[in-house]
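Visitor: got a predicted structure here, sequence first:
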Amino acid sequence: QVQLVESGGGLVQAGGSLRLSCAASGRTVSSSGMGWFRQAPGKEREFVAAISWSGPSTYYADSVKGRFIISSDNAKNTVYLQMNSLKPEDTAVYYCNGIRPWGTRSPLYGSWGQGTQVTVSS
């Protein structure tokens, strides 16, 4: 069983920045890495970014490439998402989840944390 706790969301103006954190505990060794996902009102949850546990490999959704940066502290089993140049369309609840196999854009674990709300005003 894996426990995921997201934090760091808030209300920000367009063009601003936020840094999200995801603390993972439990059987995270089953994953290749960790990813961020988001769900906007009335829309399906979508992939945002992923980072491998074994090295600094990352990949991003096209919609956030060049604006968001994913990083991790493996010793703390914590993953971060630095979000810059935020747009109103980035408004969503942000979640983290495991990634396996590497390169997938689907979540590994069937359960989710509570997520953290990001609201970007225009």
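Guide: Okay, I see it. Numbering: from 1, shown residues only.

Visitor: OK, contacts around the residue nearest the centre of the chain?
Guide: Most central in the chain under CA atoms, centre = their mean is W36, positioned 2.0 Å from the mean C-alpha point. Counting by CB atoms under 8 Å, 6 or more residues apart in numbering, W36 touches L20, C22, F47, V48, A49, A50, I70, V79, L81, Y94, Y95, C96. Every residue, glycine included, has its C-beta placed from N, CA and C.

Visitor: quick check, it in a helix?
Guide: No - going by DSSP: H, G, I helix; E, B strand; the rest coil, the assignment for W36 is strand, not a helix.

Visitor: and it, how far from Q3?
Guide: To Q3, W36 is 17 Å away according to CB to CB, to the nearest Å.

Visitor: who does the residue nearest to the centre of the chain bridge with?
Guide: For W36, the beta-bridge partners are A49, C96 (DSSP bridges).

Visitor: number the residues from 11 up from this point.
Guide: Shifting the count to begin at 11 puts that one at W46.

Visitor: how near is it to S121?
Guide: 16 Å.

Visitor: do the same with A50
Guide: 21 Å.

Visitor: which pLDDT does the model give the residue nearest to the centre of the chain?
Guide: At W46, the model reports a pLDDT of 98.

Visitor: the one 10 residues further on now?
Guide: Per-residue confidence for E56 comes out at a pLDDT of 98.

Visitor: need the contact list for it.
Guide: F47, R48, Q49, A71.

Visitor: farthest pair within those residues?
Guide: Within these, two members stand farthest from each other by CB to CB: Q49 and A71, at 13.2 Å.

Visitor: okay, now the unreliable bits of the chain?
Guide: 38-39 (pLDDT under 70).

Visitor: does the residue nearest to Q92 when sequence neighbours are not counted belong to a helix or a strand, and which?
Guide: Closest residue to Q92 apart from its sequence neighbours, by CB to CB, 6 or more residues apart in numbering: I79 at 4.3 Å. I79 belongs to strand 78-83 when assigned by DSSP states H and E.

Visitor: now do the buried residues in that strand.
Guide: Across strand 78-83, burial judged by 16 or more other CB atoms under 10 Å covers F78, I79, I80, S82.
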